[in-house]
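# Provided below are the primary sequence and the corresponding predicted coordinates.
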Number of protein chains: 2
Amino acid sequence: MKRYLCVVQYIGKNYCGFQRQDNGISIQQKIEEALEVGLKQKIEIFASGRTDAGVNALAQTIHFDADISIPEKNIPFAINQFLPNDIKFLSAKVVNDNFNARFDVKKKTYVYHIYVSPVELPVKNELSYWLKKQPDLNKMKECAKIFEGEHNFKAFMSAGGQSKTFVRKIYSIKIKQKNDDISVEVTGNGFLYNMVRIIVGTLIEVGYGKKTVRDVQTALKSENRKNAGYLVPPYALFLKSVKY
Amino acid sequence: MKRYLCVVQYIGKNYCGFQRQDNGISIQQKIEEALEVGLKQKIEIFASGRTDAGVNALAQTIHFDADISIPEKNIPFAINQFLPNDIKFLSAKVVNDNFNARFDVKKKTYVYHIYVSPVELPVKNELSYWLKKQPDLNKMKECAKIFEGEHNFKAFMSAGGQSKTFVRKIYSIKIKQKNDDISVEVTGNGFLYNMVRIIVGTLIEVGYGKKTVRDVQTALKSENRKNAGYLVPPYALFLKSVKY
């Protein structure tokens, strides 16, 4: 019996989120079913954290314990044939028995994709969020600075979150634009329920002049959800990397 | 009553193809329904040509006749609100009454997207075709030259095509690679049923050394489908532009 750390990529659209739930098909369920068929043993997986319904992952990390005879580098091929097109293992390696994909996380990076176009573009619509008009990127960058560092982010959490502590540390928020594509990359030590998507919605409101940077500063201090910006949709959010 | 030429973008995955059919929902049906609601009149549209089930369009062209009071540049906004996320009007303009979106076509360009990766990547899987190993691009480019010019392409047509003539002219086939992404761009005066996808499948077989350039030359001359390469899937094919 060895412990494995695997990197998994998925598109969240067709699932109720990463974590198993009674009311829908989860990514966890699909992975555990594929592991059972591919490795001929019941396996429970532990992810770096759940991703919400509809959210994607470029590189989600999971660990599990298993007896596997094939070399670790062949595990993705053994499993992927039993996974749908929208969930695949990218890599697998043996780690220490006491490694934990969730509790050992040091940093996580999420990226949110936006495109600016007078008309909606179906080829971008699936994995990027449409904005009809160009927001003021400098204003957004100025506002992003407010979130960096350690703060109580209760104002930037949707109702229904299960966290009991609300202080998180954001290491950086990088906003970049290339042609009509904007990305907002948020790196932190952990995130509250919907936190990244509310931060992005707030930054967009600032970019459109609907909120000032000072409004956002006040919102953060208020610890009150109603003072923060709107929640942008999940399909444009990607868990980009998990650092241990 | 004026004639309008519109450019439409769509993802084909959820449809039975462009053209109305009894056994599924077509892109034509969705567009005609949206036009009826948005413009409050029954409108029949005529496209540059049908695209097959699952095939995408960056810029399909259609024409239709209608009485429309709003400025032509506002038509996309009036219609798009009644269209699903995966079909949208990009532009609309008034044209001569005798313009025909199908019969006046001079050139059409299709592009096929391929990605090369040891493991399948869900974020690319939806609109790009997975190859596990790098094919020989120079071989593919050499083979692509064979198709350029005027030829009888009967060997590169699937059974079920309705064309009565098989001679088509290919102006160019451009094969490019950037990092792990390969594109095959085919410009011609018209295409037979599945022709672009069979050409791409054939080029891939040449890139892997399963067919020689000479084999393909023989296949083209044979006018026999069984001598050409395999049919690559539709979801990675895009109608890129239609020139009049």
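That came in fine, so what should we check first? None of these values were measured; they are calculated from a predicted model. Numbers count the residues shown, from 1 in each chain, chains lettered A, B, ... in the order given.

# now the helices for chain A?
Secondary structure of chain A (DSSP state H): helices located at A:27-39, A:75-80, A:122-125, A:137-147, A:195-207, A:213-222.

# buried set for stretch A:228-239?
Residues A:228-229, A:232, A:234-239 are the ones in stretch A:228-239 that count as buried (16 or more other C-beta atoms under 10 Å in any protein chain shown). No exception for glycine: its C-beta is placed from N, CA and C like everyone else's.

# how close does A:Phe46 get to A:Leu131?
Between A:Phe46 and A:Leu131 the distance is 37 Å, computed by C-beta to C-beta, to the nearest Å.

# quick one: buried residues of stretch A:74-94?
So for stretch A:74-94, counting by 16+ other C-beta under 10 Å, buried means A:75-80, A:83-84, A:86-92.

# please apply the same query to stretch A:116-136.
Those would be A:117, A:120-131, A:135, for stretch A:116-136 by 16+ other C-beta under 10 Å.

# near chain B, which residues of chain A show up?
Residues of chain A lying near chain B by C-beta under 8 Å from any C-beta of the partner chain: A:9-11, A:56, A:58, A:76-77, A:80, A:85-91, A:119-123, A:125-127, A:238.

# about what we covered before: tell me which of the buried residues of stretch A:228-239 is nearest to chain B?
A:Phe238 (7.7 Å; C-beta to the nearest C-beta).

# touching, the closest one and A:Thr109? I think so.
No. Look at A:Phe238 against A:Thr109 with C-beta atoms under 8 Å: they stay out of range, at 9.2 Å.

# distance of the nearest residue to A:Gln177 once chain neighbours are set aside relative to A:Ala236?
Spatially, and ignoring its direct neighbours in sequence, A:Gln177 is nearest to A:Leu137 (5.8 Å; C-beta to C-beta, 6 or more residues apart in numbering or on different chains). Going from A:Leu137 to A:Ala236 by C-beta to C-beta gives 17 Å.

# contact partners for the residue nearest to A:Gly24 when sequence neighbours are not counted?
Counting by C-beta to C-beta, 6+ apart, A:Gly24 lies nearest to A:Cys16, which is 2.9 Å off, once chain neighbours are set aside. With contact taken as C-beta atoms under 8 Å, 6 or more residues apart in numbering or on different chains, A:Cys16 is in contact with A:23-26, A:53.

# show me which of those are buried.
Buried among these (16+ other C-beta under 10 Å): A:26, A:53.

# can I get the contacts of A:Cys16 in JSON lines with pLDDT?
As requested, the contacts of A:Cys16 are arranged in JSON lines below (pLDDT from 0 to 100):
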{"residue": "A:Asn23", "pLDDT": "87"}
{"residue": "A:Gly24", "pLDDT": "93"}
{"residue": "A:Ile25", "pLDDT": "96"}
{"residue": "A:Ser26", "pLDDT": "97"}
{"residue": "A:Ala53", "pLDDT": "93"}
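
# list just the nearest of the contacts of A:Cys16 to B:Ala144.
A:Ile25 (42.5 Å; C-beta to C-beta).

# how about that closest one, what does it touch?
Contacts of A:Ile25 by C-beta under 8 Å, 6+ apart are A:14-16.

# got it, and A:Tyr129?
By C-beta under 8 Å, 6+ apart, the contact set of A:Tyr129 is A:112-115, A:232-233, A:235-236.

# could you pull up the residues touching the nearest residue to it once chain neighbours are set aside?
Take A:Tyr129 and drop its neighbours on the chain: the residue closest to it by C-beta to C-beta, 6+ apart is A:Ala236, 4.0 Å away. By C-beta under 8 Å, 6+ apart, the contact list for A:Ala236 reads A:112-114, A:127-129.

# switch the cut-off to 10 Å
Going by C-beta atoms under 10 Å, 6 or more residues apart in numbering or on different chains, A:Ala236 touches A:54-56, A:111-115, A:124-130, A:183-184, A:197, A:200.

# what stretches of chain A score poorly on pLDDT?
For chain A, no stretch has pLDDT under 70.

# what residue in it is the furthest from its centre?
Centroid-distance maximum for chain A: A:Ser69 at 32.3 Å, with C-alpha atoms, centre = their mean.

# quick one, what contacts it?
A:Ser69 makes contacts with A:Leu39, as judged by C-beta under 10 Å, 6+ apart.

# any idea how far A:Ser91 is from it?
Applying C-beta to C-beta, the value for A:Ser69 to A:Ser91 is 18 Å.

# how about A:Ser48?
The value you get for A:Ser48 to A:Ser91, if C-beta to C-beta is used, is 14 Å.

# likewise A:Val111?
Taking C-beta to C-beta, one finds A:Val111 at 20 Å from A:Ser91.

# contact partners for A:Phe82?
Neighbour list for A:Phe82: A:30-31, A:33-39 [criterion: C-beta under 10 Å, 6+ apart].

# if we use 8 Å, what do you get?
A:Phe82 sits next to A:33-34, A:37-38 when contact means C-beta under 8 Å, 6+ apart.

# want to throw the residues you listed into a markdown table with neighbour count?
Output for the contacts of A:Phe82, formatted as a markdown table (neighbours: other C-beta atoms under 10 Å in any protein chain shown):
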| residue | neighbour count |
| --- | --- |
| A:Glu33 | 14 |
| A:Ala34 | 21 |
| A:Val37 | 13 |
| A:Gly38 | 20 |
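
# understood, closing this out.
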